[in-house]
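1. below is the sequence, then the predicted model.
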Amino acid sequence: MLTYKKILSYSEISRRLGRNKSSISREVERGIVQQINTFRQPYKNYFTDDDARVDEENRLHCGAHSTLMEA
């Protein structure tokens, strides 16, 4: 059971943003987190903040570092 509402299809979002449909679906999947409600039932919810946090952590750990920031 997904609690977030899918208003636009991945195809429509990708067309509007000029990105690949698979890229859009991967971004959405990164932001979906499984949680447990008060009745101990698992459900999935989408958080945009988690997606941005994960992206920032990945950038910090990548191999390409700016030499400008080190100087």
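-> It's in. Just so it is clear, the model here is predicted, and its values are computed rather than measured.

2. against Arg15, how distant is Asn58?
-> Separation of Asn58 from Arg15 (CB to CB, to the nearest Å): 26 Å. For glycine as for every other residue, the C-beta is placed from the backbone atoms N, C-alpha and C.

3. neighbour-wise, which of those two wins?
-> Taking other CB atoms under 10 Å, Asn58 and Arg15 do not tie; Arg15 has more neighbours (13 against 10).

4. what is the helix or strand hosting the more buried one packed up against?
-> Assessed by DSSP states H and E, Arg15 sits inside helix 10-17. Packing contacts for helix 10-17, counted by 3 or more CB pairs under 8 Å, 6 or more residues apart in numbering; DSSP states H and E, involve helix 21-31.

5. and Pro42, bridged to which residues?
-> Ile36 (DSSP bridges).

6. pretty sure it contacts Gln35?
-> Yes - assessed by CB atoms under 8 Å, Pro42 is found in contact with Gln35 at 7.2 Å.

7. ok, Ile24 - how many residues close by?
-> Neighbour count of Ile24, defined by other CB under 10 Å: 20.

8. do I have it right that it meets Arg15?
-> No - counting by CB under 8 Å, Arg15 is not a contact partner of Ile24; they are 9.8 Å apart.

9. if I look at Glu29, how far off is Phe39?
-> Distance from Glu29 to Phe39, by CB to CB: 25 Å.

10. neighbour count winner among these two?
-> Glu29 (10 against 5).

11. what's the pLDDT at that one?
-> Glu29 is assigned 80 on the pLDDT scale.

12. likewise for the one 10 residues further on?
-> We note a pLDDT of 88 for Phe39 in this prediction.

13. one more: Tyr10?
-> The model's pLDDT for Tyr10 equals 88.
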